[in-house]
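Q: Provided below for reference: sequence and predicted model.
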Amino acid sequence: MNKPIGVFDSGIGGLTVLEAVYKLLPTENYIYLADFKNNPYGVKSVDEVESIVVNNALLLEKMGAKLIIIACNTASLYVESIKKAVRIPVIEVIEKTCENACNVSKNAKIGVIATQMTIEKGKYQSLINKENKHAYGVKCSEFVDYIEHKFDDYDLGMKLVKEKINSLKEEKIDTLIYGCTHFSLLEDKIKTVLGDINYVDCGSSIAPFVKEELVKNGLINHQSETGKIIAYTTKDVQSFREKLSLFNLKIESVEEIK
Ligand code: DGL
């Protein structure tokens, strides 16, 4: 079954997920949608985000995707609406990322940095509390804008990171969840503040589950050739191309879709 796996995010963040999935499944084909036109999702209304992300999933299905990865925590909040809308398997990133963090934490103190909406919806916090562990959520929507538009300004990045996550140092967390797929791109800066703790990202947390779902649904691509990645953006195709150097991915082509 050589139909592509569809992956989407509001921008480049989902490429951190695609990197991890592609590393485990290099003979699968992928289509990636960077929805810059609607970026950022995390500060919009619930109705706006729900409508945007359902439409993105429908678009990927229409483009021939055999399975969809919601490579965005904010969009993953609406996984049930997306599952109702499409007829193909859908994988969200929050549950497996949370499960991974709960498994690695020893002192049951887990930090979550995510967008305003993801923190306010509290899905990470409630899943962590269900495991009798403590969750410390910090809204970091500003990080999305920094990563998408000012990433070459190291000092600004350090200033933002120190401002937003110093409080987690005081909580003595031993595990930090990147509750936004963009945020693992800040790991070098975050480690200067939080040091040697467990860092849990969405990509490595869901990659094994993607393989399980492909096998369960009989969707694995048995061809041996290396898979192709085709990327689409809803705007700013040139700036997307310029950001690709941040990722260890070979993207066959990038085009803007209306
Ligand atoms: N990468 C998205 C996430 O994981 C960021 C969403 C946004 O555009 O605010 O939530």
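A: Thanks, I have the structure now. Bear in mind the structure is a predicted one, so any value in this text is a computation, not a measurement.
Q: OK, contacts around the spatially most central residue of the chain?
A: Centroid-nearest residue in the chain: Thr181, 3.1 Å away (criterion: CA atoms, centre = their mean). By CB atoms under 8 Å, 6 or more residues apart in numbering, Thr181 lies in contact with Asp9, Gly13, Gly14, Thr16, Val17, Ala71, Cys72, Asn73, Val93, Asp201, Cys202, Gly203. To be clear about C-beta, it is placed using only N, CA and C from the backbone, and glycine gets the same treatment.
Q: please redo it, this time with the cut-off set to 6 Å
A: Neighbour list for Thr181: Asp9, Gly13, Gly14, Thr16, Val17, Ala71, Cys72, Cys202 [criterion: CB atoms under 6 Å, 6 or more residues apart in numbering].
Q: Check the secondary structure at it for me.
A: The three-state assignment at Thr181 reads coil, by DSSP: H, G, I helix; E, B strand; the rest coil.
Q: Next, give phi and psi for the nearest residue to Ala34 once chain neighbours are set aside.
A: The spatial neighbour of Ala34 that comes closest, neighbours along the chain excluded (CB to CB, 6 or more residues apart in numbering), is Thr233 at 4.6 Å. Main-chain torsions, Thr233, degrees, to the nearest 10: phi -130, psi 150.
Q: Would you confirm that Thr233 contacts Ser239?
A: No: when contacts are counted by CB atoms under 6 Å, Thr233 is not listed as touching Ser239 (8.6 Å).
Q: Between those two, which is the more surrounded one?
A: When neighbours are counted by other CB atoms under 10 Å, Thr233 comes out ahead of the other of Thr233 and Ser239, with 23 against 15.
Q: mind checking how far that one is from Gly14?
A: Distance, Thr233 to Gly14, using CB to CB, to the nearest Å: 12 Å.
Q: Around the ligand, pick out the residues from the stretch 1-150 of the chain.
A: By CB under 6 Å from any ligand atom, the residues of the stretch 1-150 of the chain that approach the ligand are 9-10, 13, 39-42, 72-74, 115, 118, 144.
Q: On the three-state scheme, Gln238 is what?
A: Per three-state DSSP, Gln238 ends up helix.
Q: which one is Ile257 nearest to, not counting chain neighbours?
A: Closest to Ile257 by CB to CB, 6+ apart is Tyr232, at 4.9 Å.
Q: Quick one: residues contacting the one you found.
A: Leu33, Glu255, Ile257.
Q: could you pull out the strands for the stretch 51-200 of the chain?
A: Along the stretch 51-200 of the chain, the segments classed as strands by DSSP state E, counting those that start in this stretch run 67-70, 90-91, 109-114, 134-139, 175-178, 198-200.
Q: Make JSON lines out of these and add distance to Asp155.
A: Formatted as JSON lines, the strands of the stretch 51-200 of the chain follow (distance: least, CB to CB, whole Å):
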{"stretch": "strand 67-70", "distance to Asp155": "33"}
{"stretch": "strand 90-91", "distance to Asp155": "37"}
{"stretch": "strand 109-114", "distance to Asp155": "20"}
{"stretch": "strand 134-139", "distance to Asp155": "21"}
{"stretch": "strand 175-178", "distance to Asp155": "22"}
{"stretch": "strand 198-200", "distance to Asp155": "22"}
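Q: Mean neighbour count and mean pLDDT for these - can I get that in CSV?
A: Shown next, in CSV, are the strands of the stretch 51-200 of the chain (neighbours: other CB atoms under 10 Å; pLDDT from 0 to 100):
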stretch, mean neighbour count, mean pLDDT
strand 67-70, 27, 98
strand 90-91, 22, 98
strand 109-114, 28, 98
strand 134-139, 19, 98
strand 175-178, 28, 98
strand 198-200, 20, 98
